[in-house]
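In: requesting a structural model of the entry that follows:
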Amino acid sequence: MSDFSDKLNKLRFTTDGDKPTASDAKPPGRRVYSISELSRKIKALLQEKFDLIWVSGEISNLFQAASGHLYFDLKDANAQIRAVTFRAQAQRLPCNLEDGLNILAMGRISLYEKRGNYQMIVEYAEPAGVGVLQKQFEQLKKRLHEEGLFDDQHKQKIPYLPSIIGIVTSLQGAVIHDMQTIFNGRFENRHLRIAPSAVQGAKAPDEIAAAIELLNQCKDTGLIILARGGGSFEDLNAFNSEIVARAIFNSKIPIISAIGHETDFTIADFTADLRAPTPTAAAEMALPDKEELRDYLQGRQHSMCRSLAHQLQSLRQAVDLAGRRLKHPKLRLERFQRRLDELTNRLRFSGTTRLRPAREQLAYLKSQLTQLAPQKQLSNLHLKLELIQTKLLETIGILYLLNRHRTRAVTTALKAYNPLDVLKRGYSITRTIETSPQLVTDSGAVAPKQKLEVLLAKGRLTVEVKKNR
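Out: Numbers count the residues shown, from 1 in each chain. Predicted coordinates:
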């Protein structure tokens, strides 16, 4: 640069009124540059001195040519410079350039010879501050992930129908009003507990963490929603802070994060028990639709009624079948009588159809029958039948009494094991308070300050564990 200055100092210029003398026409050692040659010299000096430099500034007058090149100005409070990004580099930029955007640009200083203007040829650009914030975000995300703050084993189950829903958000934006509209539409008269907090700025992380801790002090809070509307990466940076992540992780109450839009991800999203794409989606996930729940319960009630009716009908059919299979002894006696009549008729028919050679045998048989007195045998058979009938009746009576005693014993045992009768004797049933309650039979299965439900013979109690042994 000094050589170029020395050469410029050797040049002599005259005013319009001066006339060059003969000695001035061709002084010894004088070098006269053409405009093109001078522009090339200046361009070479600029490119040599300012090769691949970083510049920060605000974009203005952005214009995209038909060729795909981007032309714009980079300015600060006191100066500006023309800049250009050629199509190949513009397609590889990590962000879209737009007027008003503060960027960090890397490139070369050059000279546009046709106009004599110097400009910056931008090879790469990123939003100012995003690079540092992104690096901090990735470092914190990696460290917290290694500590286990994002592990699924630490995620708490979101309650199906929380009694009170805590909301950490700003009261200034439209987020809280949109969420209240969703809550009122899905399940009116639900209790909301709002912990106001800044969601942007230097004080926001501490206020968000304090709001989460405050809601945890309210033991009846069933669910916390951490909500904020959309914004830039810098706007959401409060939710990428370690203090907020640890407040979420240490919360005893399940937390749904609803930060920004669906494409926005923050450290709070990874740490929370559940992530919602938007605040309104979080409101829909926190509460079921009241009408849908009512329809579901009515459907279950009808299904249970149909099932009970079907079981009752099956039992009735079983009783009828058993009644038809249990025949009275008199019917069996009548069957024997018919069989005896049939045999007698066959005997008579056989006696009348024998051939003459057998008549003597028949006469003999008749005499034998007379001697044996078939009527007496018939009488004996009647006596045997009556005896059999008596024994059958006695056996049925004994079976009836035996089954009756067994039924009474089973009924007594069922009553003895009836939980309600046990409760009436002073006992109680203890179970956890959750969507699927579990019976508590071991003190080690519960934790201090955990709420339990105690079922009594009349009514129930909700208690809190102070100490388990």
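
In: so what does the helix or strand harbouring residue 300 touch, helix or strand wise?
Out: For residue 300, the host element (DSSP states H and E) is helix 290-325. On a contact count with 3 or more C-beta pairs under 8 Å, 6 or more residues apart in numbering; DSSP states H and E, helix 290-325 meets no helix or strand. All C-beta atoms are positioned from the backbone trio N, CA, C, and that covers glycine.

In: just give me how far it sits from the chain centre.
Out: Mean C-alpha position of helix 290-325 versus that of the full chain (C-alpha atoms, centre = their mean, to the nearest Å) differs by 34 Å.

In: got the contact list for the next helix or strand after that helix?
Out: Next helix or strand after helix 290-325 toward the C-terminus (DSSP H and E): helix 329-352. Applying C-beta atoms under 8 Å, 6 or more residues apart in numbering, the external contacts of helix 329-352 come out as 362, 365, 381, 385, 388, 389, 392, 393, 396.

In: try 10 Å
Out: Contact partners of helix 329-352, identified using C-beta atoms under 10 Å, 6 or more residues apart in numbering, comprise 327-328, 358-359, 362, 365-366, 369, 374, 378, 381-382, 384-386, 388-393, 395-396.

In: which among the residues you listed count as buried?
Out: residue 385 (16 or more other C-beta atoms under 10 Å).

In: okay, and which of the contacts of helix 329-352 map to helices?
Out: Applying DSSP state H to those, the entries found in helices are 359, 362, 365-366, 369, 374, 378, 381-382, 384-386, 388-393, 395-396.

In: that's a helix at residue 106, yeah?
Out: No: judged by DSSP: H, G, I helix; E, B strand; the rest coil, residue 106 forms no part of a helix; its state is strand.

In: what residues of the helix holding residue 300 count as buried?
Out: Buried-residue list, helix 290-325, by 16+ other C-beta under 10 Å: empty.

In: swap in stretch 273-293?
Out: Buried, per 16+ other C-beta under 10 Å, within stretch 273-293: 273-287.

In: got the domain ranges for this protein?
Out: As assigned by automatic domain parsing, the chain contains the domains 31-128, 136-291, 375-417, 424-464.

In: nearest to residue 310, of those domains?
Out: The closest of these to residue 310 is domain 375-417. By C-beta to C-beta, the value is 23.2 Å.

In: gap between residue 335 and residue 345?
Out: 16 Å (C-beta to C-beta, to the nearest Å).

In: what ranges do the strands span in this structure?
Out: Under the criterion DSSP state E, strands of the chain are mapped to 53-64, 70-75, 80-85, 102-112, 117-127, 164-169, 191-196, 223-228, 255-259, 274-275, 429-432, 451-455, 460-464.

In: check this structure and tell me which residue is nearest its centre.
Out: residue 274 (6.5 Å; C-alpha atoms, centre = their mean).

In: next, the contact list for it, please.
Out: With contacts defined as C-beta under 10 Å, 6+ apart, residue 274 is in contact with 155-158, 223, 225, 254-258, 282, 285-286.

In: return the helix or strand in the protein with minimum mean pLDDT.
Out: None of the helices or strands of the chain scores lower by mean pLDDT, DSSP states H and E than helix 22-25, at a mean of 44.

In: can you put the strands of the chain in a markdown table and add mean pLDDT and distance to residue 148?
Out: A markdown table is the format used below for these (pLDDT from 0 to 100; distance: least, C-beta to C-beta, whole Å):
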| stretch | mean pLDDT | distance to residue 148 |
| --- | --- | --- |
| strand 53-64 | 90 | 38 |
| strand 70-75 | 93 | 45 |
| strand 80-85 | 92 | 44 |
| strand 102-112 | 86 | 35 |
| strand 117-127 | 86 | 32 |
| strand 164-169 | 92 | 24 |
| strand 191-196 | 89 | 27 |
| strand 223-228 | 92 | 20 |
| strand 255-259 | 92 | 17 |
| strand 274-275 | 92 | 18 |
| strand 429-432 | 88 | 25 |
| strand 451-455 | 87 | 27 |
| strand 460-464 | 88 | 29 |
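
In: nearest to residue 30, out of those strands?
Out: Of all those, strand 102-112 comes closest under C-beta to C-beta, at 24.5 Å.
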